[in-house]
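Student: My questions concern the predicted model and sequence given below.
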Amino acid sequence: MRLFYILLASTLLIACKDSNRESDKNIIPPKKMQLVLLDFIKADSYDTEISARDKRVKDTLDNLSRQNTIFEHHKVTRNAFINSLEFYKKNPDIFIPILDSMLTLQDKSKNAELFNIRLN
């Protein structure tokens, strides 16, 4: 009887783990997420700065338009982005390297601008 409960528990654990893997198929891969998230943050920062300068600016529609442009450019959906962001936030061992690489990429971009170097 004890063996039955051990087998049942093992089966349930494996089934739960496999169902989590199924949901991972809808997650944006880390390299791509890095690029999408970086563009998303830049757009949000831009909108925040513009609305702070001019209180008459209604930034919500412009922000949504910029976000949609980013999603179209990277060929991802808003839902995939939101689901991926939630997944990565729950998995800091994967998310922290993404954020670190974003900072590195941003630093390279800033240095290239300083020296008028075009990055591909």
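Tutor: Ah, there it is.
Student: What backbone torsions are found at residue 62?
Tutor: The phi/psi pair for residue 62 (degrees, to the nearest 10) reads phi -60, psi -40.
Student: I'd say it and residue 44 touch.
Tutor: No - assessed by CB atoms under 8 Å, residue 62 is found out of contact with residue 44, at 11.1 Å. Using the backbone N, CA and C atoms, a C-beta is placed for each residue, glycine as well.
Student: Output the lowest mean pLDDT helix or strand found in this structure.
Tutor: When the helices and strands of the chain are scored by mean pLDDT, DSSP states H and E, helix 2-24 comes last with a mean of 46.
Student: after it comes which helix or strand?
Tutor: Counting by DSSP states H and E, the next helix or strand C-terminal to helix 2-24 is helix 30-53.
Student: So which elements touch that following helix?
Tutor: Contact partners of helix 30-53 among helices and strands, from 3 or more CB pairs under 8 Å, 6 or more residues apart in numbering; DSSP states H and E: helix 59-74, helix 78-90, helix 92-114.
Student: Now do that helix: everything it contacts.
Tutor: With contacts defined as CB atoms under 8 Å, 6 or more residues apart in numbering, helix 30-53 is touched by 28, 57, 59, 62-63, 66-67, 70-71, 73-74, 76, 81, 84-85, 88, 94, 97-98, 101-102, 105-106.
Student: This completes my enquiry, with thanks.
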